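Participant: Based on what follows, work out the 3D shape:
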Amino acid sequence: MNDQSLEGRIRDYDDVIRLSQDGRSPAEISYLTGIADGTIRGWLVDHRKPWTRYELFRPTSSEQLSYAIGVYMGDGSISKQGNRSVLRLHVKDREFARRFSSTCAQILGKKPYSVRHIADRDKYETTVANTSFCKFLEQTFSQLDPYIRDHPSGFLRGLADSDGCPAITTTKKRGKPWFFVQIVVATSTSISLLSYARTILGECFKLKATLVYKGKPRPRPYENGFFHSKKRVFDLRISRFEDIRRFSRVVGFGLSRKQVKLESAIAVRQSFGSGEKAVEEWTRNWEHGKTEWVRRKGAS
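Facilitator: Have a look, this model is predicted:
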């Protein structure tokens with residue numbers, strides 16, 4: 001037995017069961033397969049299953065599973081430790097980490113996974129140690145497509161919670177104030193991911209989205225200097241106002257701070273249009289912080 005992966009152990013187990021049903025003894029099976037005699041007796045006599053320590057995951061289509069796929073593709077990562085794999089989410093938003101923890105717990109039938117604060121980076125992290133669940137998430141778009149299309153809103157919501165946001169602009173156009181609302185569904189260096197998400201938006205919800213080139217990622221500290229990525233970053237954006245309203249209704253953001261901001265911007269756009277009055281109404285309740293619009297204290 002040279003293949004120690006989960007798939008390899010399951011194949012070995014199936015071979016052992018087949019040979020046993022053919023009347024072979026554990027010693028004969030060990031000789032024929034090269035599997036340790038103790039392992040064979042554990043499977044045949046003690047009725048142990050090779051996937052027990054892997055907590056074998058059997059996927060069932062659901063809104064939660066589709067959301068988890070979206071989050072993994074957007075902000076998640078998988079690290080490998082020998083034959084074990086660990087799903088990790090490392091983000092600035094505690095609500096997001098808790099939501100993902102709870103979602104994975106529902107999928108796997110567990111209690112919510114712990115969320116810990118990484119003080120030196122001011123981030124929140126949750127991890128899910130389930131090898132077969134990780135292997136499921138690492139499949140190709142075509143393999144995951146049936147689960148996504150069963151619940152497309154969950155997948156898009158997971159992406160949007162990861163790297164998406166309501167994009168509200170207050171600027172001047174031909175010398176006059178201008179209020180503009182867009183939705184960034186996802187931001188990524190992966191054209192294939194954004195193109196797939198655009199296909200789901202169009203085919204499942206009749207929503208039009210476009211790819212917008214953002215440039216290259218900002219340099220980030222690495223050892224004694226800065227790491228400069230050569231990859232290009234793109235946004236997947238919805239710009240048509242009717243599509244923005246429909247996205248809010250049928251998909252929306254799972255994170256309350258993003259969804260509240262989107263609904264507030266839609267309300268301003270509907271009531272005050274896109275000119276000076278809209279800018280005045282928006283800035284009466286919202287102010288631009290370091291990186292995004294935040295609600296003013298005492299705002300209604």
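Participant: Please count neighbours and contacts with C-alpha atoms only from this point.
Facilitator: Noted.
Participant: got the contact list for the residue nearest in space to the middle of the chain?
Facilitator: For the chain, the residue whose C-alpha lies nearest the mean C-alpha position (Cα atoms, centre = their mean) is residue 71; its distance is 0.9 Å. Contacts of residue 71 were listed using Cα atoms under 8 Å, 6 or more residues apart in numbering, and they are 100, 155, 158, 159, 161, 162.
Participant: Could you tell me the phi and psi values at residue 187?
Facilitator: Taking degrees, to the nearest 10, you get phi -130, psi 130 for the backbone angles of residue 187.
Participant: What of residue 206?
Facilitator: Dihedral angles of residue 206 (phi, psi; degrees, to the nearest 10) stand at phi 60, psi 40.
Participant: ok, now residue 81?
Facilitator: Summarising the backbone geometry of residue 81 under the convention degrees, to the nearest 10, its torsions are phi -130, psi 90.
Participant: Would you mind measuring from it to residue 62?
Facilitator: Residue 81 sits 29 Å away from residue 62, going by Cα to Cα, to the nearest Å.
Participant: and what of residue 48?
Facilitator: Between residue 48 and residue 62 the computed distance is 30 Å (Cα to Cα).
Participant: cool, and residue 84?
Facilitator: Counting by Cα to Cα, the gap between residue 84 and residue 62 amounts to 25 Å.
Participant: Where do the strands of the protein begin and end?
Facilitator: 76-81, 84-91, 116-118, 123-129, 165-173, 176-188, 210-215, 220-222, 225-227, 233-238, 286-288, 293-295 (DSSP state E).
Participant: any chance of the ones you listed in a markdown table, with distance to residue 136, mean pLDDT and mean neighbour count too?
Facilitator: Listed next are these as a markdown table, based on distance: least, Cα to Cα, whole Å; pLDDT from 0 to 100; neighbours: other Cα atoms under 10 Å:
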| stretch | distance to residue 136 | mean pLDDT | mean neighbour count |
| --- | --- | --- | --- |
| strand 76-81 | 11 | 91 | 14 |
| strand 84-91 | 11 | 93 | 20 |
| strand 116-118 | 25 | 94 | 14 |
| strand 123-129 | 13 | 94 | 19 |
| strand 165-173 | 27 | 90 | 17 |
| strand 176-188 | 21 | 94 | 21 |
| strand 210-215 | 28 | 91 | 14 |
| strand 220-222 | 31 | 62 | 10 |
| strand 225-227 | 31 | 63 | 11 |
| strand 233-238 | 25 | 96 | 22 |
| strand 286-288 | 40 | 94 | 15 |
| strand 293-295 | 37 | 94 | 16 |
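Participant: could you redo the ones you listed as a markdown table and give each row distance to residue 39?
Facilitator: Formatted as a markdown table, the strands of the chain follow (distance: least, Cα to Cα, whole Å):
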| stretch | distance to residue 39 |
| --- | --- |
| strand 76-81 | 23 |
| strand 84-91 | 19 |
| strand 116-118 | 38 |
| strand 123-129 | 24 |
| strand 165-173 | 52 |
| strand 176-188 | 45 |
| strand 210-215 | 53 |
| strand 220-222 | 46 |
| strand 225-227 | 48 |
| strand 233-238 | 49 |
| strand 286-288 | 63 |
| strand 293-295 | 59 |
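Participant: between these, which gets nearest to residue 40?
Facilitator: strand 84-91 (22.2 Å; Cα to Cα).
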